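A.B. asks: Any chance you could fold what I've pasted below:
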Amino acid sequence: MDASTAPLVSGRRRSSEGRDQTVSSATLRHLMSRRLLMIASALFMAATGVAATFAPHELLRAAGASGPVLLPLAIQLLGALYLGFAILNWTARESLLGGIYQRPVVLGNFLHFLAGALALIKGSPATAPLIAFAAVYALLAIGFAFVLFTSPVAPK
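C.D. replies: Take a look at the predicted model:
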């Protein structure tokens, strides 16, 4: 683990030589906001994934949807995707994110939440749960856009 990926603890980071380095409070806040974004997205996707994996029939009933026999299986597979993405975000939460650092993880999250927000806004009926789901997707898309297009180190 090098200095760029060492976890931050109370404003200190362990360098590659094993020495502690002081991190400014602005940089610490900047990095913590990225960590909180990863935690929030991991928890959101884990909750969605668990619900879709273990209660597909209940989700379909709550949405007022009925369809082919294979639809619950497709919902369960979608839940597995959410759980996979959730564990990816959870394990990457301590990493340096933004710019060129962990770009595939950030880019995948940005694309997922942007495409999901657009699909929910465009194609879903205006029910309160779906509007809330679309709002969460839009907020996470904005958060990952910020991380994707900015440096992980706060300006001095």
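A.B. asks: For the protein, just list every one of the helices.
C.D. replies: 25-54, 56-63, 71-92, 103-123, 128-149 (DSSP state H).
A.B. asks: Just checking the distance from the last one to the centre of its chain.
C.D. replies: Right, helix 128-149. Helix 128-149 has its C-alpha centroid displaced from the chain centroid by 9 Å (C-alpha atoms, centre = their mean, to the nearest Å).
A.B. asks: Compute the inter-axis angle for that helix and helix 56-63.
C.D. replies: Regarding helix 128-149 and helix 56-63, their directions subtend 110 degrees when assessed with axes from the mean of the first three to the mean of the last three C-alpha atoms, to 10 degrees.
A.B. asks: hmm, who's touching helix 128-149?
C.D. replies: Contacts with helix 128-149, where a contact means C-beta atoms under 8 Å, 6 or more residues apart in numbering, come from 34, 37, 40-41, 44, 62, 97-98, 103, 106-107, 109-110, 113-114, 116-117, 120-121, 124. To be clear about C-beta, it is placed using only N, CA and C from the backbone, and glycine gets the same treatment.
A.B. asks: swap the cut-off to 6 Å and go again
C.D. replies: 34, 37, 41, 97-98, 106, 109-110, 113-114, 116-117, 120-121, 124 (C-beta atoms under 6 Å, 6 or more residues apart in numbering).
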